[in-house]
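>>> This is the structure alone, sequence omitted:
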């Protein structure tokens, strides 16, 4: 079974319209909310034999990654931790989408550390998948270039592209 985990209902809504029977869970924004949601899913037994697809928007540091593009994150770290505490998490690509590296941040505009994109939840997904032993996949739609003012972000375009892409990787359950 696939669980589609979205930080916000705004990001989930277009996908819900296309796949009303899919298991959609809203985690809340950020690392802590994501880890807590995954812990609750584990406690209720929902992660056994499940794949969790974390899906949402992201900003890009890299001009080669287009706004509106949907990518798969295959490596995550928390850029705001001191280097001697920083850990990277990696997974194998599983969607056929462009594979990118991401930094999980608490607020936009952190140091890229060579990553192509930034988001606020991904490192929690990969860390929890490692600890709780479930299959994890992270798919992000690029809504903005890091550093652009919020008013110029293309969130609606990004979440529409995200929904269209997710139905192509949905296992149909």
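Ah, there it is. As the structure is a prediction and not an experimental result, all values here were calculated from the model.

>>> tell me the residue furthest from the middle of the chain?
Most distant residue from the mean C-alpha position of the chain: residue 84, 24.7 Å away (Cα atoms, centre = their mean).

>>> and that one, that's in a helix?
No: counting by DSSP: H, G, I helix; E, B strand; the rest coil, residue 84 falls outside a helix, being coil.

>>> could you pull out the helices for this structure?
For the chain, helices defined by DSSP state H occupy the ranges 9-18, 31-43, 122-132, 155-169.

>>> between those, which one is nearest to residue 3?
Closest of the helices of the chain to residue 3 is helix 31-43, at 7.0 Å (criterion: Cβ to Cβ). In this view, the C-beta of every residue, glycine as well, is placed from N, C-alpha and C.

>>> Need the residues that contact that closest one.
Contacts with helix 31-43, where a contact means Cβ atoms under 8 Å, 6 or more residues apart in numbering, come from 3, 5, 7, 25-28, 47, 52, 54, 78, 104, 106, 120-121, 123-125, 127-128, 132, 134.

>>> Give the pairing partners of the helix or strand of the chain with the lowest mean pLDDT; include direction for each.
Least confident helix or strand of the chain, by mean pLDDT, DSSP states H and E, is strand 88-90 with a mean of 85. Strand 88-90 pairs in its sheet with strand 70-78 (antiparallel), by DSSP bridges.

>>> now the partner strand against helix 31-43, angle please.
For strand 70-78 against helix 31-43, the angle by axes from the mean of the first three to the mean of the last three Cα atoms, to 10 degrees is 100 degrees.

>>> Give the residue spans of this structure that score low on pLDDT.
In the predicted model of the chain, residues 81-82, 107-113, 170-173 satisfy pLDDT under 70.

>>> List the buried residues for the least confident helix or strand of the chain?
Residues residue 89 are the ones in strand 88-90 that count as buried (16 or more other Cβ atoms under 10 Å).

>>> and what of stretch 126-134?
By neighbour count on 16+ other Cβ under 10 Å, the buried set for stretch 126-134 is 126-129, 134.

>>> what's the farthest-apart pair in the residues you listed?
Longest span within those, Cβ to Cβ: 127 and 134, 11.8 Å.

>>> May I have the beta-bridge partners of residue 103?
residue 77, residue 118.

>>> Give me the neighbour count for it.
Residue 103 has 28 neighbours, counted by other Cβ atoms under 10 Å.

>>> Residue 73 is in contact with that one, correct?
No: with contact defined as Cβ atoms under 8 Å, residue 103 does not reach residue 73; the gap is 10.1 Å.

>>> any shared contact partners between these two?
The contact sets of residue 103 and residue 73 overlap at 117, 119 (Cβ under 8 Å, 6+ apart).

>>> Provide a list of residues in contact with residue 65.
Contacts of residue 65 by Cβ under 8 Å, 6+ apart are 71, 98, 100, 116-117, 142.
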